[in-house]
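Chemist: Take this sequence and fold it.
(chains A and B)
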Amino acid sequence: MADKRSKHTSKYTLDRGIPGAFEGETITRRRFMTGTAHTAGGIATAAFALPALGFALGPVFKSTPHRWEVVGKVDQFPDNNYVPVVLTLTPNIGEVGKTTVYVRKFNPEIDTDPYDQGTPYIAISSRCAHVGCPVRWVDASERFICPCHGGVYDLLGRRVGGPPVRPLDRFYTRVSGENVEVGPRFSVNSQLRRFSPRLPGEAVDGIGQYLYPSTPGAKK
Amino acid sequence: MPRLPKLPAPPLPGPLQEPPPRPGEGNGKVGPLEGAAQAGITVVDWVDERTSLSGAARWMMFRKVPKGTNWFYTLGSATMFAFLSQAVTGVFLAMYYRPDAAGGAYESIRYVTNEVFLGQFVRGMHKWGSSVMVVLVFLHMGRTFFFGAYKYPRELNWVIGVVLLILTMAMSFTGYLLPFDQRAYWATQVGVAINGTGPLLGPYLSDFLYGGGEFNATTLSRFYAIHMLLLPGLIAALIGAHLYLVAKLGTTAPPWTKAKTRPELRETEV
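Modeler: Here you go, the predicted model:
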């Protein structure tokens, strides 16, 4: 059917024999009106669709400010065992905004890792690195154990068994006067090197750190 | 009383004869039932004259179905009925539910379950009905697969069905958080983490579901809005497309029925 389609030899409507064409016209009124109507419709649709989309996707690109929270006095935490404290990650939403963090004083004999030097306290998140269930510290076996799928971590939060893909997350700590303060979360790889916080299930070893980028929302 | 032979009617001139009763009428009097039926017919005719909907209804409902059509063919309708049941019970549950993460959500569900008349029953219908719907979707999908009903020209209907399956799963996932008890909370943490394990885009998908980097104040209302506004609309629209294609293309015969060739077309062996 290609031969039936007229080949436009000229850009002028007059030369193409279109009824109602006039001198110097390059676009028919019909095409002009169609294009104008489509453009107007597109602008009108975008005027409500784009803000709505941005509204829905906005939190993905929004970072939240850091919070530092006092969790106890400096002499409250031994250097060879963990003390569970409750930390508020999101204020004003009750229990769901809180999480348990295991805190211990820095011990140069255990925490020999170069990345941990200069950290006053070690604060380990109870959020399992598999899919986010709450782990608990079992003193007798010196292990963090997850009740959901059997993830097991050692004293430093490194994985020793089960499905988790990286060690337990940690929190920054600082001493302010007599108080121990816990701040933003960070993730660590199997060498305890620090990374921006990742969600559970996202590996940070090897290619994992590129496959699972840290999102702006996670940087808290 | 013995039946007597009927005598012929006396010859009366035409204009003097009573008009014969109209069909459907008794002895010329209009009873209340017939009056109501007549009114109904009038209303339907009035609408049909202006919309021609009766043609569409006939096209949709009085279709030819192949020989061998059996009970397995009702699974699609059963799934749709499960969806309608979820929609109706969901609307009524929404009259009581508060998507408040600070305790109001759990309290409102507790109130529906323990205090509202028939609340436990309606909530139970919605809760167990969701499982029924998922099971029916899979049975319907299995029927389609094993009967070969996904083949040409019905591939597009299979694709729409798969999208409906995914939307049903999304419904289940977002609805699971709404009771806001321990199970709901931790299941959602796990579910969002599983979403995050998709490479590259996974972490952003998680943030979209949470409405931020962590479970926060807007996560529950987000799930609620997706569960009761976004997904039901999409599912209803796609069910419409699914049904249109079923009516347009017709259903398939079961694979064990043999096509009968007309005798004059039968090839004779020599």
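Chemist: burial count for the residue of the stretch 151-270 of chain B at minimum distance from chain A?
Modeler: Closest contact between the stretch 151-270 of chain B and chain A, by C-beta to the nearest C-beta, is at residue B:213 (3.4 Å). For every residue, glycine as well, the C-beta is placed using N, CA and C. Using other C-beta atoms under 10 Å in any protein chain shown, residue B:213 is surrounded by 26 other residues.
Chemist: Please report phi then psi for it.
Modeler: Dihedral pair for residue B:213: phi -80, psi -20, per degrees, to the nearest 10.
Chemist: how much space is there between it and residue A:62?
Modeler: Per C-beta to C-beta, to the nearest Å, residue B:213 is found 9 Å from residue A:62.
Chemist: which of the residues in stretch B:127-146 are buried?
Modeler: B:127, B:129, B:130, B:132, B:133, B:134, B:136, B:137, B:140, B:141, B:143, B:144 (16 or more other C-beta atoms under 10 Å in any protein chain shown).
Chemist: Secondary structure element holding the first one?
Modeler: Taking DSSP states H and E as the definition, one finds residue B:127 inside helix B:119-146.
Chemist: Skip ahead from that helix and say which helix or strand is next.
Modeler: helix B:155-177.
Chemist: how about that following helix, does it reach chain A?
Modeler: No: contact between helix B:155-177 and chain A is absent, the nearest approach being 10.4 Å (criterion: C-beta under 8 Å from any C-beta of the partner chain).
Chemist: Residues of chain B that sit close to chain A?
Modeler: So chain B meets chain A at B:101-103, B:185-186, B:189-190, B:192-194, B:196-197, B:199-200, B:202-204, B:206-208, B:210-218 (C-beta under 8 Å from any C-beta).
Chemist: In helices, which of these fall?
Modeler: Residues of the residues of chain B next to chain A located in helices (DSSP state H): B:185-186, B:189-190, B:192-194, B:196, B:202-204, B:206-208, B:210.
Chemist: Just the buried subset of the residues you listed, please.
Modeler: For these, buried by 16+ other C-beta under 10 Å: B:185-186, B:189-190, B:192-194, B:196, B:202-204, B:206-208, B:210.
Chemist: from those, which is closest to residue A:121?
Modeler: Here the nearest of those to residue A:121, counting by C-beta to C-beta, is residue B:189; it sits at 25.8 Å.
Chemist: and the closest one, what pLDDT?
Modeler: For residue B:189, the pLDDT comes out at 93.
Chemist: Look up the closest residue to it, ignoring the ones flanking it.
Modeler: For residue B:189, ignoring the flanking residues on the chain, the nearest one in space by C-beta to C-beta, 6 or more residues apart in numbering or on different chains is residue A:132 at 4.2 Å.
Chemist: Now do the same for that neighbour: helix, strand or coil?
Modeler: coil (DSSP: H, G, I helix; E, B strand; the rest coil).
Chemist: Now do the same contact list for it.
Modeler: For residue A:132, the contact set (C-beta atoms under 8 Å, 6 or more residues apart in numbering or on different chains) comprises A:199, A:200, A:201, B:186, B:189, B:190, B:192, B:193.
Chemist: let's see 6 Å
Modeler: A:200, B:189, B:190, B:193 (C-beta atoms under 6 Å, 6 or more residues apart in numbering or on different chains).
Chemist: ok, so of the residues you listed, who is nearest residue B:265?
Modeler: Using C-beta to C-beta, the contacts of residue A:132 come closest to residue B:265 at residue B:190, 60.7 Å.
Chemist: residue contacts, the closest one?
Modeler: A:131, A:132.
Chemist: so can I have TSV of the buried residues of stretch B:127-146 showing pLDDT?
Modeler: Converted to TSV, the buried residues of stretch B:127-146 look like this (pLDDT from 0 to 100):
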residue	pLDDT
B:127	97
B:129	97
B:130	97
B:132	98
B:133	97
B:134	98
B:136	98
B:137	98
B:140	98
B:141	97
B:143	96
B:144	96
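Chemist: For the stretch 151-270 of chain B, which residues score under the pLDDT cut-off?
Modeler: Where the stretch 151-270 of chain B drops to pLDDT under 70, the residues are B:268-270.
Chemist: what does chain A give?
Modeler: A:1-8, A:217-220.
Chemist: Strands of that one, start to end?
Modeler: In chain A, the strands defined using DSSP state E lie at A:69-73, A:83-88, A:98-105, A:121-125, A:136-138, A:143-145, A:152-153, A:159-161, A:170-176, A:179-188, A:194-195.
Chemist: Need the winner for burial among those strands.
Modeler: Each of these was scored by mean neighbour count; the highest is strand A:121-125, a mean of 24, by mean count of other C-beta atoms under 10 Å in any protein chain shown.
Chemist: what's the angle from that one to strand A:98-105?
Modeler: Relative orientation of strand A:121-125 versus strand A:98-105 (axes from the mean of the first three to the mean of the last three C-alpha atoms, to 10 degrees): 150 degrees.
Chemist: Sheet-wise, list the partners of strand A:121-125 with their directions.
Modeler: Paired strands of strand A:121-125, with direction, are strand A:98-105 (antiparallel), strand A:170-176 (antiparallel) (DSSP bridges).
Chemist: so which of those gets nearest residue B:247?
Modeler: Between these, strand A:98-105 lies closest to residue B:247; by C-beta to C-beta that is 53.2 Å.
Chemist: Centre of the chain to the closest one, how far?
Modeler: With C-alpha atoms, centre = their mean, to the nearest Å as the basis, strand A:98-105 stands 21 Å off its chain's centre.
Chemist: what does it rub up against?
Modeler: A:77, A:79, A:82-89, A:121-124, A:126, A:137, A:171.
Chemist: Is the nearest residue to residue B:119 once chain neighbours are set aside in a helix, a strand, or coil?
Modeler: Once flanking residues are discounted, residue B:119 sits nearest to residue B:112: 4.2 Å by C-beta to C-beta, 6+ apart. Here residue B:112 takes the helix state, with states given by three-state DSSP.
Chemist: who's in contact with residue B:153?
Modeler: residue B:249.
Chemist: That one and residue B:51: what is the separation?
Modeler: To residue B:51, residue B:153 is 29 Å away according to C-beta to C-beta.
Chemist: So residue B:59 lies in a helix, does it not?
Modeler: Yes: the assignment for residue B:59 is a helix, going by three-state DSSP.
Chemist: how far away is it from residue B:240?
Modeler: Separation of residue B:59 from residue B:240 (C-beta to C-beta): 14 Å.
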